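J.: everything below, folded, please.
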Amino acid sequence: MNLKNKVVWITGASSGIGEAVTYKMNHLGAKLIISSRKSEALYQVKANCKGNPLDIHVLPIDLEHTKSLPETAATAAKIYGHIDVIVHSGGVSQRSLAIDTDLLVAQRIMNINFWGAVSLTQATLPGMINRNSGHIVIISSLVGKFGTKFRSAYSASKHALHGYFDSLRSEIKPEIKITIICPGFIKTNVTYNALTANGTRQNSMDDAQANGMSAFECAEKILQAIQAGKQEVYIGGREKYGVLIKRLFPGLFAKIIRKAKVT
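T.: Presented below is the predicted three-dimensional model:
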């Protein structure tokens with residue numbers, strides 16, 4: 001897909017992978033709608049972009065409030081008249097044992113990571129079907145393919161994304177592409193903002209995250225996957241081989257994960 005002048009809506013655009021994808025899309029000449037809860041940060045991201053400022057629209061959104069999302073999607077569609085690409089990058093992580101995690105915290109993670117993406121997709125998809133063209137991009141995670149310690153609800157939300165969007169892909173025409181991106185350890189603030197058992201933020205960075213791939217390198221690989229129309233892509237270092245090990249040697253993988261020090 002040639003992204004020049006394509007209308008691209010990016011959630012989670014105020015930081016991390018979403019912010020990096022915004023800059024890459026801007027460089028390629030896309031018309032952007034950028035969303036997150038943090039309006040001030042979004043305007044700073046807009047200011048960092050090049051070209052015509054009218055080609056970058058700030059649209060605040062709170063993915064946790066799923067009932068309001070169809071109305072927000074309608075507003076997004078009116079900005080340029082349609083949406084060519086939606087990038088579901090907004091989300092929240094977790095750092096707590098399953099047994100300790102308050103159910104409301106787990107539900108919040110599911111609402112933001114899963115139901116938010118589903119709601120926006122359901123509101124955006126009819127326009128893509130009418131135009132017989134579109135691309136839905138989901139920023140999942142390697143833990144959407146396997147589970148690890150301290151990420152039970154987060155991993156569940158990412159597994160759910162795979163189930164939903166794999167199913168959706170089978171229901172729509174191939175002219176509408178669905179790409180699921182599975183990053184591993186990417187150096188962003190995701191662990192700072194990760195929710196602990198009682199819903200407070202961790203406010204520290206994991207060692208593996210601190211030593212991970214940069215968000216800009218990750219974004220470059222995401223753009224390559226979008227342009228190539230890939231269905232599913234794994235991004236990261238050695239951790240991405242966990243997908244293959246689990247598939248071929250599930251018993252061995254279970255032992256490795258049980259013994260691994262995961263932070």
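J.: the chain: helices as residue ranges?
T.: Taking DSSP state H, the helices of the chain run over residues 16-27, 39-48, 69-80, 103-110, 116-131, 152-171, 207-210, 215-228, 242-248, 250-259.
J.: just give me the longest strand of this protein.
T.: Counting by DSSP state E, the longest strand found in the chain is strand 176-183.
J.: partners of that strand in the sheet?
T.: Applying DSSP bridges to the sheet, strand 176-183 is found paired with strand 134-139 (parallel), strand 232-235 (parallel).
J.: return the most buried member of the ones you listed.
T.: Of those, the one with the most neighbours on average (mean count of other CB atoms under 10 Å) is strand 134-139, at a mean of 24. C-beta: built from backbone N, CA, C; applies to glycine.
J.: returning to what we had before: by mean pLDDT, show me the worst of the helices of the chain.
T.: Mean pLDDT per stretch puts helix 207-210 lowest among the helices of the chain, at a mean of 80.
J.: quick check: buried residues in that helix?
T.: Neighbour counts over helix 207-210 (16 or more other CB atoms under 10 Å) mark 208, 209 as buried.
J.: now for it, which elements pack on it?
T.: Counting contacts by 3 or more CB pairs under 8 Å, 6 or more residues apart in numbering; DSSP states H and E, helix 207-210 packs against strand 186-187.
J.: need the winner for burial among the helices of the chain.
T.: helix 16-27 (a mean of 23).
J.: thinking again about what came up before, distance to residue 99 added to the strands paired with strand 176-183, as JSON lines?
T.: Shown next, in JSON lines, are these (distance: least, CB to CB, whole Å):
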{"stretch": "strand 134-139", "distance to residue 99": "28"}
{"stretch": "strand 232-235", "distance to residue 99": "29"}
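J.: export those to a markdown table and tack on mean pLDDT?
T.: Converted to a markdown table, these look like this (pLDDT from 0 to 100):
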| stretch | mean pLDDT |
| --- | --- |
| strand 134-139 | 98 |
| strand 232-235 | 98 |
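J.: I'd say residue 93 and residue 189 touch.
T.: No - look at residue 93 against residue 189 with CB atoms under 8 Å: they stay out of range, at 10.0 Å.
J.: between the two, which one's more packed in?
T.: A count of neighbours by other CB atoms under 10 Å puts residue 93 above the other of residue 93 and residue 189, at 26 against 15.
J.: and the nearest residue to residue 82 once chain neighbours are set aside, how far from residue 75?
T.: What sits nearest to residue 82 in space, not counting adjacent residues and going by CB to CB, 6 or more residues apart in numbering, is residue 127, at 5.4 Å. For residue 127, the distance to residue 75 (CB to CB, to the nearest Å) stands at 13 Å.
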